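In: can't give you the sequence, but here's the structure:
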C-alpha cells in the first residue's frame, strides 16, 4: 500500500498548488478565464492529507470548440510535474451555461452546487451569485450518470470482484468505498457536504451496510490504513453489498423519463452480483 509519507499533502500546500495551476490556466486561456476557484474539501473543509483531490473550478467567458483539448492538455502537463500535481482534478464550464443550470465542459451538478455554496476564489471575478443551483433531481441523475460512466465499466468491476489491487492503493481504495456514500449524502440532503459528513450519516443509520469496510476506509483516509490483507478481506465481503445498497437507494428517485439510467443501474446491479463474468483484465 502507498505509504502515508509519500501521499501526505496538507491543505495549505494543496491550496498553493491550486493557485499555481489557476495561474497557468490563465496564461493559456487569457481573458476568457473569468474566474478560478478551489472546490471540494479545500473550499468547505475536511481536506484529508493522505487522499484528497485538489479540485479546481474554471469559469470561462464562452465555450469554444478547442476548449476540451486545451484543458486536457494543460491538465496533463500539470499532472506530469510531481505527485502533488497528480491530485489535480479540473472542472470547467462557460459562465452562460452555469447561469442556465447546465455545463458545457466538465462541471457536474454536485460540483456546480459546491461552487455556488462554497467556492474559494483564487483569481478573477467572483461569479458565484450568478451560478444556478441544481435541483435535487438533477443532483441525483447527474451522480448516477457519473457512477455508471466511472464505476460500472468492466475493468472497475473486475477490481471490485478481485480487489487486492485496490487494497494496495490508498487513494483508489478510499474512493471506491466512499464515493457512493458521498452520492447518497447529497441525494438525501441536497448539500455537497464533506466525505466525513457522508461517513457520519451512513454509520449513524441502523445496521449500516458495509460498516467495517467504511470504518477501514475512514482510517485510511486519515492516514491510518489497515494491512492490505485485511482490506482485501473486507473488500471481498462488503464492497459489492455497499454498491448494491447504493443502487437500490437511487432507483426509487428516478422517474419514467430516466429510463436509460434505470436500465443502467439495473444492469450494473446484476453484473455486481455475478462474479463469473469478469476475469480481471490485464491493464
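Out: That came in fine, so what should we check first? Keep in mind it's a predicted model, so treat the numbers as computed, not measured.
In: make sure residue 34 is indeed in a strand.
Out: Yes: assignment of residue 34 by DSSP: H, G, I helix; E, B strand; the rest coil places it within a strand.
In: mind checking pLDDT for it?
Out: Predicted confidence (pLDDT) for residue 34: 98.
In: burial measure for it, as a count.
Out: 20 (other CB atoms under 10 Å). For glycine as for every other residue, the C-beta is placed from the backbone atoms N, C-alpha and C.
In: tell me the spacing between it and residue 105.
Out: Counting by CB to CB, to the nearest Å, the gap from residue 34 to residue 105 is 13 Å.
In: what residues do these two have in common as contacts?
Out: Counting by CB atoms under 8 Å, 6 or more residues apart in numbering, the residues touching both residue 34 and residue 105 are residue 60.
In: check which element follows the helix or strand hosting residue 122 along the chain.
Out: Taking DSSP states H and E as the criterion, the element that holds residue 122 is strand 120-124. Scanning forward in sequence from strand 120-124, with DSSP H and E defining helices and strands, the next element found is helix 136-150.
In: pLDDT of that next one, averaged?
Out: The average pLDDT within helix 136-150 is 95.
In: so for the residue nearest to the spatial centre of the chain, what pLDDT did the model give?
Out: Nearest to the geometric centre of the chain sits residue 179, at 6.4 Å (CA atoms, centre = their mean). Confidence at residue 179, expressed as pLDDT, is 95.
In: equivalent analysis for residue 8, please.
Out: Here the pLDDT value assigned to residue 8 is 83.
In: what's the neighbour count on it?
Out: Look at residue 8: counted by other CB under 10 Å, it has 14 neighbours.
In: contacting residues for it?
Out: Residues 49-50, 223 are the ones in contact with residue 8 under the rule CB under 8 Å, 6+ apart.
In: which of the three states applies to the closest residue to residue 103 other than its chain neighbours?
Out: Nearest residue to residue 103, sequence neighbours excluded (CB to CB, 6 or more residues apart in numbering): residue 93, at 4.0 Å. Secondary structure assignment for residue 93 (three-state DSSP): strand.
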